[in-house]
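[1] return a 3D structure for these sequence lines:
(one chain, ligands or ions: 2)
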Amino acid sequence: AAVRQGIVDTVQKAVSDPQVKSVVICGQNGIFCGGADIKEFGKDISGPPLVPVFHAIESADKPVVAAIEGSALGGGLELALFCHYRITHSKARLGLPEVTLGLLPAAGGTQRLPRLIGVPAALDLITTGRHVTAAEALKLGFVDQVIDQNTVEAAVKFALSVVGQSLESRRISTLPCPCPDADALFEGVMQKVRQRARGAIAPVTCVQAIQAAVTLPYAQGMQREQELMATLFTSAQARALQYCFFSQRVVSRWSMPSGARWDTSKPKPVTKVAVIGLGTMGRGITVALAQAGLSVVAVETEQQQMIAGQRAVSDMLERAAQRRGVSSAVYRVRYSMKLEAVADVQLVIEAVFEDMVLKEQLFKQLSSICKADTLLCSNTSALDIDHLASQTRSPQLVVGMHFFAPAHVMKLLEVVHGPRSAPQAVATAMELGKRIGKVSVAVGNCRGFVGNRMLMPYSQEALFLVEEGASPEVVDRALEEFGFPMGFFRMSDLSGLDVGWRVRKADGLVKPGQMSRVRQGRRYCPLGDLLCEQGRFELPRGYRARQGLVSRRIDSKEVLERCLYSLINEGFRILEDGIAAGPEDIDMIYVFGYGWPRHRGGPMFYASQVGLDRVLQALEHYQQLHPDVPHLQPSRLLRKLVSSGSPPIHRWKEVIKKPHSAL
Ligand SMILES: CCCCCCCC(=O)CC(=O)SCCNC(=O)CCNC(=O)[C@H](O)C(C)(C)COP(=O)(O)OP(=O)(O)OC[C@H]1O[C@@H](n2cnc3c(N)ncnc32)[C@H](O)[C@@H]1OP(=O)(O)O
Ligand SMILES: NC(=O)C1=CN([C@@H]2O[C@H](COP(=O)(O)OP(=O)(O)OC[C@H]3O[C@@H](n4cnc5c(N)ncnc54)[C@H](O)[C@@H]3O)[C@@H](O)[C@H]2O)C=CC1
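    Ligands and ions are numbered 1, 2, ... in the order given. Here you go, the predicted model:
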């Protein structure tokens, strides 16, 4: 509000003062403007409206120049678009990211950018919200000059040099917005955007707003932009997306049950890293590390895997080098078939088969080969990090670094701390995650950590629903309509049915050839195991007949409630156990690692939007119908939150009180 007031006061003064011949608008401390203060959204915003003042800038009879350093994003870029000229530092980033917050650029962005750079380019920038470099902005035509020197000084010089020149062609509102074949273009774009949006409304509304720039005169288009913004501003999706923006930053301020925190634990410098195992995960991890400029030693013991792995890594790095316009020689990867090659690294990431005996042996060997202060990390999906630590001479230097496939693409990294992990080890893994561009979330040690532990009840419910009569397609469709890129069954097919089978075998749940539907004292569905054993794909119908199960019609509401609420219920247990520090941590894990639709904010945020009492009631209802399914039993924390009046999500921590570790 203070900045807005400042802009209004100063612009009015500068425009009306006859002594002033030209004007430069710049930011402080090397940053032009990051746009609206997102923290103000949803609050009673005081202060003057900006758009009329922005129009006063444009219609001024003296040149107004934007000096853009650092960022010009959202409302910041819109302000710059009202100036007559834009001088930009080469390192600046520009964009209209409102769509990522569930909004549209409502200070004229949707009406003005297409007039300046054409409809297709504006559609791309506004519906994706992507940031562009100064060089790209120059190429697209929305900045006038890119420089490496002091931008403000250059802008002042420029502003003085154009005093007295005509400003007619510099006023974007007066430009036409040509768009040949507009109907066909918008029809095609709308279809593509809807498909990509997976239920998010902002991208679609952005297209409608840009269409108004083509079909309506400027003033009416501006009005239409306001009307469309009003439909988004208070939407649940906008709240969810803004929650994600802040949560992504909250999780970097990690804490451990011991009280260790991000701001009191210093990471160790890491320049040389080893990756053990060049399978699916090891390859992606190697690429992610090399791309961030680290020197990597990759160790693989199988000749064939070494050849295939080396080729895959080289191909991926070659493509990355081409994209960046550099030589792939900048990436430093060394390959070896001997574990001794890791002797001089500062950090090891183990990515061998998910087999505890194999990993135990490896950690013992690593502990004797590596230097005493080397950090030993495991990419295990679910195994006990503390048990691995106990195999080494420095258990405090062992943590989990759990990547998600494909590891060079997926943004999530779970950093798993055991009860003995040193804060410095966690800080080092978190810092390394940040360096390689991951959203890193620190979590406690338990079977499956946070993400995979919550996936367990979700996947079981998906199978139970098929037992009861739903087809796999019905389950997947409900989940995909909710916004997941893939339903449970398609996802399992893609990652390989044998992955879950191995985990269930390790848990002692698989009994080959047996059909019993109770295992370890609770309901169990052996369908997935039978598929793996028999390699068959049309199983449910015959299976139901043999089990004497009566099939019933299952609607998508039940699919969603049973799959999602049981997953959410496990999330509450994780919070209760102190495995995750807060709901934001769980939500970011699901948004960045499991395809949870960002516009629904993550599972815990979603539960808060649905209403905790409704989630509780639904769980109680299903638990009565399925008393043999323990994961449907509402968690204590969910009950406690409901009986505390269902406080908003940022106040849950007060109810959880002091987290205790289950370990
Ligand atoms: C006067 C104009 C008024 C216009 C009115 C019209 C309204 C509109 O049309 C609608 C809008 O503008 S919506 C806002 C559009 N802007 C954005 O989305 C930019 C978001 N920020 C970024 O991308 C990066 O933070 C950024 C690239 C900026 C910086 O990245 P860094 O990695 O350097 O730093 P971060 O860690 O991300 O951020 C540092 C701290 O700042 C907080 N923050 C960032 N942008 C914010 C924003 N726009 N509003 C409120 N807080 C914001 C961020 O949360 C972080 O805080 P801490 O975690 O507490 O340190
Ligand atoms: N595949 C996935 O989606 C994910 C897997 N993980 C975990 O990552 C780990 C690796 O999984 P994948 O890459 O899928 O397995 P994979 O089977 O593709 O690769 C494992 C590699 O390790 C090699 N290896 C075995 N013993 C070795 C030793 N002593 N020294 C060096 N190399 C050795 C094997 O030859 C093989 O190339 C597992 O713990 C798994 O649970 C974690 C996240 C996701």
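[2] tell me, how many residues neighbour whatever residue of the stretch 201-350 of the chain ends up closest to ligand 2?
    Residue nearest to ligand 2 within the stretch 201-350 of the chain: Gly279 (1.7 Å; CB to the nearest ligand atom). From N, CA and C alone the C-beta is placed, and that goes for glycine too. Counted by other CB atoms under 10 Å, the residues lying close to Gly279 total 16.
[3] surely it touches Met306?
    No. If you go by CB atoms under 8 Å, Gly279 and Met306 don't touch, sitting 10.8 Å apart.
[4] what about the helices in the stretch 301-450 of the chain?
    Applying DSSP state H, counting those that start in this stretch to the stretch 301-450 of the chain gives helices spanning 303-324, 356-369, 385-389, 423-435.
[5] with the stretch 101-250 of the chain instead?
    109-117, 119-128, 134-140, 151-161, 182-197, 202-215, 218-233, 236-250.
[6] pLDDT (mean, whole number) over the strand or helix carrying Leu616?
    Leu616 is part of helix 612-625 when elements are defined by DSSP states H and E. If you average the pLDDT over helix 612-625, you get 98.
[7] now the most centrally placed residue in the chain. Nearest residue, chain neighbours left out?
    Nearest to the geometric centre of the chain sits Phe592, at 3.7 Å (CA atoms, centre = their mean). Spatial nearest neighbour of Phe592, excluding adjacent residues (CB to CB, 6 or more residues apart in numbering): Leu412 at 3.9 Å.
[8] please name the residues that touch the one you found.
    Leu412 makes contacts with Phe403, Phe404, Lys438, Val439, Val441, Gly451, Met588, Ile589, Phe592, Gly593, as judged by CB atoms under 8 Å, 6 or more residues apart in numbering.
[9] if we use 7 Å, what do you get?
    Residues in contact with Leu412 (CB atoms under 7 Å, 6 or more residues apart in numbering) are Phe404, Lys438, Val439, Ile589, Phe592, Gly593.
[10] cool, and Ile649?
    Counting by CB under 7 Å, 6+ apart, Ile649 touches Pro583, Met604, Phe605, Ser608.
[11] ok, 8 Å please
    Tyr243, Pro583, Met604, Phe605, Ser608.
[12] for ligand 1, see how far away the fourth one is.
    Going back to what we said before, that points to Phe605. Using CB to the nearest ligand atom, to the nearest Å, Phe605 is found at 17 Å from ligand 1.
[13] in which helix or strand would I find that residue?
    Assigned by DSSP H and E, Phe605 falls within helix 603-610.
[14] residues contacting that helix, please?
    236, 239-240, 243, 247, 454, 564-565, 567-568, 571, 575, 583-584, 586-587, 590, 596, 600-601, 615, 646, 648-649.
[15] narrow those to those in helices?
    With DSSP state H as the criterion, helices contain 236, 239-240, 243, 247, 454, 564-565, 567-568, 571, 575, 583-584, 586-587, 590, 615 from among the contacts of helix 603-610.
[16] for ligand 1, what's its nearest residue on the stretch 51-200 of the chain.
    Closest residue of the stretch 51-200 of the chain to ligand 1, CB to the nearest ligand atom: Gly75 (1.9 Å).
[17] settle this for me: that residue is touching Ala36, isn't it.
    Yes. Using CB under 8 Å, Gly75 is in contact with Ala36, at 4.8 Å.
[18] specify the local secondary structure of Val297.
    Here Val297 takes the strand state, with states given by DSSP: H, G, I helix; E, B strand; the rest coil.
[19] can you list the weak-confidence ranges in the protein?
    For the chain, the stretches with pLDDT under 70 are 44-45, 535-537, 658-663.
[20] what about Arg171, neighbour count?
    Neighbours of Arg171 using other CB under 10 Å come to 14.
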